[in-house]
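Student: please find the sequence and the predicted model below.
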Amino acid sequence: MHKLKNLYLGLKFSFSYFSVLPISFKASDDLSQKEVLAFMLFFFPLVGLVLGLGTIILFSFLTHLTWFGALISATVYMMSYGFLHTEAICDVADAIYAKHSGKDAYSIIKEPTVGAMGVLFSTATIILKIAGIVFLLLHNALMELVSIFMLSRLSLLLLFRVHTFHSSFATTLKEALALPYVFFAFSLFSLIGIMLIDNFMMFLLIALFLALLLSYSIKKQIGFVNGDVLGASLEGVEVLLLIIISTTL
């Protein structure tokens, strides 16, 4: 019963932390337990699956608006996770350019304000991402779109395992995410993905490669990995997968 409760708390915590869905907790709920944190990450790809299905359902009611309906649906998807990972791009871009100027990248990335380069890079990412989602919706590549939202989040589980973090919270999550959770997450969501699209496993390999490439590239430039680097890598994977899959249609 205790394990089932932690699984349930982890599921709720995942949607609470990684989306704007209204999730409430009791005062007695202990979300700091390692098992709860492990399940929180385990269900992260499920958040992408649910938000993706929600995007498709919304578009089904707006298909008569054609491109405008697709644009609304894509924007709602971005809003549904509170632009959480997009915000990370602002911080990472500012840190990279601060490092080039001889400043301390870590102090820059922790500042509550954002610089011009951060705004420009995050804006460019939002434009590309919304355009890619609109393109797939209009070309009826609905399951491919849902798969992308799962793949990007699955790739983040790998990054938690391979990186050492300059962040106490990310380090705590890494310590909680034991290999069995990663194995079962990849097994479960790969099975779901294969039911969605035939070439899911090929795109999974591409997503993992892109996640490693982006995260290590950022690490090389700023000297560390934290939650912002993970978020920026996730956004980068989604944008690149949108481009790659769009070219195959």
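Tutor: Alright, I've got the coordinates.
Student: what residues does the helix or strand hosting residue 207 touch?
Tutor: Assigned by DSSP states H and E, residue 207 belongs to helix 200-222. With contact meaning CB atoms under 8 Å, 6 or more residues apart in numbering, helix 200-222 is reached by 92, 95-96, 99, 105-106, 109, 147-148, 151-152, 154-156, 158-159, 162-163, 190, 193-194, 197, 225, 229-230, 232-234, 236-237, 240-241, 244-245. Any C-beta I mention is one placed from the backbone N, CA and C, and that applies to glycine too.
Student: buried set for that helix?
Tutor: When neighbours are counted by 16 or more other CB atoms under 10 Å, the buried residues of helix 200-222 are found to be 200, 203-204, 206-208, 210-212, 214-216, 218-219, 222.
Student: contacts for the lowest-mean-pLDDT helix or strand in the chain?
Tutor: Lowest by mean pLDDT, DSSP states H and E among the helices and strands of the chain is helix 105-109, with a mean of 80. Residues outside helix 105-109 that contact it (CB under 8 Å, 6+ apart): 91-92, 94-96, 98-99, 115, 166, 222-224, 226, 228.
Student: the next helix or strand after the helix holding residue 207 to helix 200-222, inter-axis angle?
Tutor: Sequence order places helix 227-248 as the next helix or strand after helix 200-222, per DSSP H and E. Here the directions of helix 227-248 and helix 200-222 differ by 140 degrees (axes from the mean of the first three to the mean of the last three CA atoms, to 10 degrees).
Student: elements contacting helix 227-248?
Tutor: Contacts defined by 3 or more CB pairs under 8 Å, 6 or more residues apart in numbering; DSSP states H and E place helix 227-248 against helix 84-100, helix 116-138, helix 142-162, helix 168-176, helix 200-222.
Student: nearest to residue 45, of these?
Tutor: helix 142-162 (4.5 Å; CB to CB).
Student: show me which residues of that closest one are buried.
Tutor: Using 16+ other CB under 10 Å as the test for burial, helix 142-162 gives 142-160.
Student: gap between it and the chain center?
Tutor: 7 Å (CA atoms, centre = their mean, to the nearest Å).
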